[in-house]
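Undergrad: Return a 3D structure for these sequence lines:
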Amino acid sequence: MPEDSGQSPVHTVTALAVGIGQAVIKPIRPAPGPATERWGVGVGEAAASLPRLPGLLRGIARQLNRFGSVVVSPSGIEFDGDEVAWSKVTEIRTRRLLGYLFTDALTKQVDRLPGWWFPGRALVLSGVTHAALTGVALAADLQIDRGVFTVYIPAEVHSKGMLRREKQIHPGIPAALLLADPAVRDCVEATAQAHGVPVIPAPDDALEAAARRAAVIRGAVSQVMAIAGVLAGQAGTKSSA
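TA: So this is what the prediction gives:
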């Protein structure tokens, strides 16, 4: 994991969360290279692996993966119980972990809360999360090219759907932290490449967009402060005269 630069509390908390995730998954990390058999971590995977669980119940137990899971196999990939076959995957897009956690991952977790709906909820949630991420970029002094800010994950699996429509699956917060583990990330990417699936950076990375907004805000504040300084100086000159 990249060295913690200590730029902000959010940076430190994210680094701690990634470290805990890597410590938990360390004993069961996937082998290097493409997946040659089913490998997965999740609530359902843990339940299905119980030695005395009857075979007929293992598939039912795996339904619990919707609460957080990453599964990679020679046949397909799964995030949080949503599975797609490699033969249908068109590409995988990567995103910086911190930006993804504050946007799509958080939105997905909120969507799973019962009764959490009101008109315009998506717009409100998007505005709040992007504003918070802009605050993170400001707190980090726009230094997003070091430490945990550089950690990326395979965050978007694009695939062919019905009637030529594109489908996507995204990981929630627990699955995103699992994907931040280098061994898990490498397994996903190696398996994708073995099936001819390109892995490319997303063109609209949320953290980079937040840094651009933060730079504009900082520039505007600097201009206001400069104008205020000039006006204060002029007022002081008039009073002394």
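
Undergrad: Spell out for me which residue occupies the centre of the chain.
TA: Central residue of the chain (C-alpha atoms, centre = their mean): Tyr100, 3.2 Å from the mean position.

Undergrad: Checking that one next. Helix, strand or coil?
TA: Look at Tyr100: counting by DSSP: H, G, I helix; E, B strand; the rest coil, its state is helix.

Undergrad: Now do it against Trp39, distance only.
TA: As judged by C-beta to C-beta, to the nearest Å, Tyr100 and Trp39 stand 22 Å apart. Just so you know, the C-beta spots here come from the backbone N, C-alpha and C atoms, and that holds for glycine as well.

Undergrad: can you give me the strands for the chain?
TA: 39-42, 69-72, 76-79, 82-85, 89-96, 152-160, 166-169, 199-201 (DSSP state E).

Undergrad: Distance of the residue nearest to Val148 when sequence neighbours are not counted relative to Pro34?
TA: Leaving out its chain neighbours, the residue that sits closest to Val148 by C-beta to C-beta, 6 or more residues apart in numbering is Ala15, at 4.4 Å. Separation of Ala15 from Pro34 (C-beta to C-beta) stands at 29 Å.

Undergrad: swap in Ala211?
TA: 34 Å.

Undergrad: out of the two, which sits in the busier spot?
TA: Ala211 (23 against 18; other C-beta atoms under 10 Å).

Undergrad: How many residues are close by the nearest residue to the more buried one once chain neighbours are set aside?
TA: Nearest residue to Ala211 in three dimensions, chain neighbours excluded: Ala137, at 4.5 Å (C-beta to C-beta, 6+ apart). Here the number of neighbours of Ala137 (other C-beta under 10 Å) works out to 27.

Undergrad: residues in contact with Leu106?
TA: Leu125, Thr129, Ile173 (C-beta atoms under 8 Å, 6 or more residues apart in numbering).

Undergrad: if you set the cut-off to 7 Å instead, what comes out?
TA: Listed by C-beta atoms under 7 Å, 6 or more residues apart in numbering, the contact partners of Leu106 are Thr129, Ile173.

Undergrad: Tell me the spacing between Ala31 and Ala183.
TA: Taking C-beta to C-beta, one finds Ala31 at 8 Å from Ala183.

Undergrad: of these two, who's got more company?
TA: Neighbour count, other C-beta under 10 Å: between Ala31 and Ala183, Ala183 has more, with 15 against 11.

Undergrad: End to end on stretch 28-40, go ahead and measure it.
TA: Using C-alpha to C-alpha, to the nearest Å, the end-to-end distance of stretch 28-40 comes out at 9 Å.

Undergrad: List the contacts of that stretch.
TA: Outside stretch 28-40, the residues touching it (C-beta under 7 Å, 6+ apart) are 41, 69-74, 181, 183-184, 186-187, 190-191, 194.

Undergrad: By neighbours, which of those residues wins?
TA: In the contacts of stretch 28-40, the most neighbours by other C-beta under 10 Å go to Val70, 30 neighbours.

Undergrad: all helices of this protein, in order?
TA: All helices of the chain, identified by DSSP state H, fall at 9-25, 43-48, 55-61, 97-100, 106-111, 121-139, 173-179, 182-194, 206-240.
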